[in-house]
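J.: below is the sequence, then the predicted model.
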Amino acid sequence: MKRLGLVLVLPFLACGYQLAGTGPAVPAGARTIGIQLFHSHVRETGLEVHLRRAIEDEFRRRGTLRVVSPDEADLVLSGDIRRFTDVPVAFSATDEAVQYQTVMQIGMRLVERSSGRIVHETKVLQESQDFGAETGVVITSSPRFQRGTIDGRDLANLTNVQIGEARRDAAATELLDTLARDVYEQAMEGF
């Protein structure tokens, strides 16, 4: 029976499959990681703090490395926020934007603190998230709407700007979570 298990696993190992967090990017002795604030090149204030929290949460959730202060860590993750913008992608018959796409672009680097060796570097990592901007296009039964803080009964009392900002904030939060997952996968699995 043991031979059968080994025979089934060997083809996957030969094809490059491996357990998460054991890829070539992670040095064998690494047990801790520190995440520095990403240097921001955008006008959005506080974005670097929210990104660091999302990345720390992702590492804690996955549990491969313990998150500690960067000056105590085996590995240090740093980077920069290069782009954060909202682009209109859909318009009404009167040329009013009804759908936007928030785009965020970062670069990242994982360094072994003791030697200064770059373990992994991703020059450009980009994600996007769509959100509606006008009350007339709100679908109150959608899962994204129901997860938010806006009650369908309150829509008539809110301006398009208020609704658009609430949706933009929700989209930005989802975008940060997605980027945090991407950063984890890039840093830990090297893809």
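T.: Now that the structure is in, tell me what you want to look at. Numbers count the residues shown, from 1 in each chain.
J.: strands along this protein, start to end?
T.: 32-35, 39-40, 66-67, 75-91, 97-112, 118-132 (DSSP state E).
J.: deepest-packed of the ones you listed, please.
T.: Most buried of these, by mean neighbour count (mean count of other Cβ atoms under 10 Å): strand 32-35, with a mean of 22. Using the backbone N, CA and C atoms, a C-beta is placed for each residue, glycine as well.
J.: can you name every helix or strand that it contacts?
T.: helix 47-62, strand 66-67, strand 75-91 (3 or more Cβ pairs under 8 Å, 6 or more residues apart in numbering; DSSP states H and E).
J.: turn the strands of the chain into TSV, columns for distance to Glu58 and mean pLDDT.
T.: Listed next are the strands of the chain as TSV, based on distance: least, Cβ to Cβ, whole Å; pLDDT from 0 to 100:
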stretch	distance to Glu58	mean pLDDT
strand 32-35	10	97
strand 39-40	19	96
strand 66-67	10	96
strand 75-91	11	93
strand 97-112	13	92
strand 118-132	13	92
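J.: closest one to Leu176 among these?
T.: strand 97-112 (7.7 Å; Cβ to Cβ).
J.: ok so, going back, can you redo the strands of the chain as CSV with distance to Glu165?
T.: Putting those into CSV (distance: least, Cβ to Cβ, whole Å) gives the following:
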stretch, distance to Glu165
strand 32-35, 28
strand 39-40, 20
strand 66-67, 31
strand 75-91, 11
strand 97-112, 11
strand 118-132, 10
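J.: in this structure, where is pLDDT below threshold?
T.: 1-25, 133-164, 190-191 (pLDDT under 70).
J.: contacts only, for the closest residue to Val103 other than its chain neighbours.
T.: Leaving aside its sequence neighbours, Val103 sits nearest to Ser128 (Cβ to Cβ, 6 or more residues apart in numbering; 4.6 Å). Applying Cβ atoms under 8 Å, 6 or more residues apart in numbering, we find Ser128 in contact with Gln101, Thr102, Val103, Met104, Leu175.
J.: tell me which of the residues you listed is nearest to Ser69?
T.: Met104 (25.5 Å).
J.: what's across from that closest one in the sheet?
T.: Taking DSSP bridges, one obtains Phe84, Glu127 as the residues bridged to Met104.
J.: do you know which of the strands of the chain lies nearest Val183?
T.: Once the strands of the chain are compared by Cβ to Cβ, strand 97-112 is nearest, at 5.8 Å.
J.: now the closest one and helix 47-62, what's the angle there?
T.: Angle, strand 97-112 to helix 47-62, by axes from the mean of the first three to the mean of the last three Cα atoms, to 10 degrees: 70 degrees.
J.: so who does Gly34 touch?
T.: Per Cβ under 8 Å, 6+ apart, neighbours of Gly34: Val67, Val68, Ser69, Pro70, Asp71, Glu72, Ala73, Leu75, Val76, Leu77, Arg113.
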